[in-house]
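Asker: Got a predicted model here, sequence first, then my questions.
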Amino acid sequence: MAHGSRSHRGRRRALAVALMTASFCATTDLAPAQEPVAAAPIARGTTLARGEANQAPEGALFLLLPVGAQGIAMGRAMTAMDGVESVFWNPAGLATLTDGHFMVYRGDHFAGDATSFSLLLSSELMGTLGLSYHLIDMGEQDVTDNQGNVVGLLDVRSQVALASFATGIFSRLNAGLNFKLVQFRVNCRGACLDPGVTATTYAVDAGLQSVPFRTLPLRLGAAIAHVGPRLQVINAAQADPLPSRIRAAAAYDVLRHVAPEAPYLLWIAAEVETRWQRPASSPSIYIGSEFAAGTLDAVYLRAGYVLGPSEETDGAAVGLGIHHERFDLGIAKSFAGPSLGGESEPVHVTFGIAF
């Protein structure tokens, strides 16, 4: 069974790499060893989101891949939630941190292996500052000449470096900002006519979070994400816009009224996400829940559901989190089908240390 799982994953990864490198090979006399499927919309490092075939193409869609066990388990309904994973969802959620944190994120998406790191420093006077790095290794792909001979090897990677800042601007309102350096790289080793291509741009995320009522355990959140110049892989005429998104969300602790003094929380969160340029064209709805038991040491049970632009994007997710002393561990599993291959995403893991 394990061998079969690896085989399916290998075929899925090879297809993703072939799609991502199609246009690079088109500029040379080389071709990927595996014929790309639907290569046109994937060109210049882009792909179509499921259910959005009638939309204008976007670049750097790896920015939309989720990061973090909490966020994935809660079905991506994170814009109104605070905590360390807010780096990748709504930076305003970092403003409530009181300790420093070092976080490591690991996951396996259809497009590649994802690894992320975050260093967060908090101060009562300044707020929270953070530096993060996100890498997706999309694997390798053989390159052949016109006769079908393997003459080189392509490796494809995308990476994002983030600088974050969050602080309270009013007594019940927090704000946050991410500045991101975004890069997509295709390197070719061997008898390649072109050594590779590197496309770099920058983007910003900005968000707000509010607890509007003193006696009501309601949190509201709003954010804009991935706003910046077009990603240019080949030339300016073929540059594609970034997948900019608008998010609005609310979260409510339903146990506050039932057992206000008990060490239990049950957050229910709902969120709407849509495109920045055409807000009504392809909305997604995210629904999540998190049950927390404990204070100094705690256990978290999480579940969520994604309602995407089409049935192919729909799917549930579950997860478990443990906080012990200064250590955090989170595990999540998504059952939503990925954009390629029709398979669910494997397990995602988050590990953190507070200092």
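Answerer: Received the coordinates, thanks.
Asker: I'd say residue 331 and residue 72 touch.
Answerer: No - under the criterion of CB atoms under 8 Å, residue 331 is not in contact with residue 72, lying 9.7 Å apart. All C-beta atoms are positioned from the backbone trio N, CA, C, and that covers glycine.
Asker: Could you check which of the two has the larger neighbour count?
Answerer: Neighbour count, other CB atoms under 10 Å: between residue 331 and residue 72, residue 72 has more, with 32 against 18.
Asker: which residues are common contacts for residue 331 and residue 72?
Answerer: Common contacts of residue 331 and residue 72, defined by CB atoms under 8 Å, 6 or more residues apart in numbering, comprise 319, 348.
Asker: what's the burial count for residue 351?
Answerer: Residue 351, neighbours per other CB under 10 Å, totals 15.
Asker: Not counting sequence-adjacent ones, nearest residue to it?
Answerer: Nearest residue to residue 351 in three dimensions, chain neighbours excluded: residue 104, at 4.9 Å (CB to CB, 6 or more residues apart in numbering).
Asker: now do residue 80
Answerer: In space, residue 80 is closest to residue 221, 3.5 Å off (CB to CB, 6+ apart).
Asker: The one you found: what's it in contact with?
Answerer: By CB under 8 Å, 6+ apart, residue 221 lies in contact with 79-81, 90, 92-93, 207-210, 247-251, 271.
Asker: Now which of those would you call buried?
Answerer: Buried by 16 or more other CB atoms under 10 Å: 79-81, 90, 92-93, 207-210, 247, 249-251, 271, out of the contacts of residue 221.
Asker: now, which of these sits nearest residue 60?
Answerer: residue 247 (17.6 Å; CB to CB).
Asker: Tabulate the CA atom coordinates of whatever helix or strand that closest one lives in in PDB.
Answerer: Per DSSP states H and E, residue 247 falls inside strand 245-253. C-alpha atoms of strand 245-253 as PDB (Å, rounded to 0.1, in the frame of the first residue of the first chain):
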ATOM      1  CA  ARG A 245      -7.600  38.000  -2.900                       C
ATOM      2  CA  ILE A 246     -10.100  39.700  -0.500                       C
ATOM      3  CA  ARG A 247     -11.100  38.000   2.700                       C
ATOM      4  CA  ALA A 248     -13.800  38.700   5.200                       C
ATOM      5  CA  ALA A 249     -14.500  36.500   8.200                       C
ATOM      6  CA  ALA A 250     -16.100  36.200  11.700                       C
ATOM      7  CA  ALA A 251     -15.400  33.800  14.600                       C
ATOM      8  CA  TYR A 252     -17.500  33.200  17.700                       C
ATOM      9  CA  ASP A 253     -16.700  31.300  20.900                       C
END
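Asker: After it, heading C-terminal, what element do we hit next?
Answerer: Going down the chain from strand 245-253, the next helix or strand is strand 264-275, by DSSP H and E.
Asker: Packing partners of that following strand?
Answerer: Under the contact criterion of 3 or more CB pairs under 8 Å, 6 or more residues apart in numbering; DSSP states H and E, strand 264-275 touches strand 245-253, strand 284-294.
Asker: Those strands: which one's closest to residue 153?
Answerer: strand 245-253 (34.3 Å).
Asker: relative to strand 264-275, how tilted is that closest one?
Answerer: 160 degrees (axes from the mean of the first three to the mean of the last three CA atoms, to 10 degrees).
Asker: any idea of the mean pLDDT in strand 245-253?
Answerer: Regarding strand 245-253, the rounded mean pLDDT is 97.
Asker: try stretch 65-79
Answerer: Rounded mean pLDDT across stretch 65-79 is 96.
Asker: Ok, stretch 112-126 next?
Answerer: The model assigns stretch 112-126 a mean pLDDT of 93.
Asker: what does it contact?
Answerer: 13, 16-17, 65, 67-68, 84, 87-88, 94, 97-108, 128-139, 156-157, 164, 167.
Asker: In strands, which of the residues you listed fall?
Answerer: In strands, judged by DSSP state E, the following of the contacts of stretch 112-126 are found: 101-108, 128-139, 156-157, 164, 167.
Asker: From those residues, list just the buried residues.
Answerer: Among the ones in strands among the contacts of stretch 112-126, those classed as buried by 16+ other CB under 10 Å are 101, 103, 105, 107, 128-130, 132, 134-139, 156-157, 164, 167.
Asker: For beta bridges, what are the partners of the residue nearest to residue 80?
Answerer: residue 209, residue 249 (DSSP bridges).
Asker: Give me the distance from stretch 286-300 to the chain's centre.
Answerer: Taking CA atoms, centre = their mean, to the nearest Å, one finds stretch 286-300 lying 21 Å from the centre of the chain it belongs to.
Asker: Report the buried residues of it.
Answerer: If you call a residue buried by 16+ other CB under 10 Å, then stretch 286-300 has these buried ones: 286, 287, 288, 289, 290, 291, 292, 298, 300.
Asker: nearest to residue 350, of these?
Answerer: residue 300 (11.2 Å).
Asker: who's in contact with the closest one?
Answerer: Contacts of residue 300 (CB under 8 Å, 6+ apart): 70, 290, 291, 292, 293, 319, 320, 321, 322, 323, 330.
Asker: Repeat the analysis, applying 10 Å as the threshold.
Answerer: By CB atoms under 10 Å, 6 or more residues apart in numbering, the contact set of residue 300 is 69-70, 73-74, 265, 267, 290-294, 319-323, 328-330.
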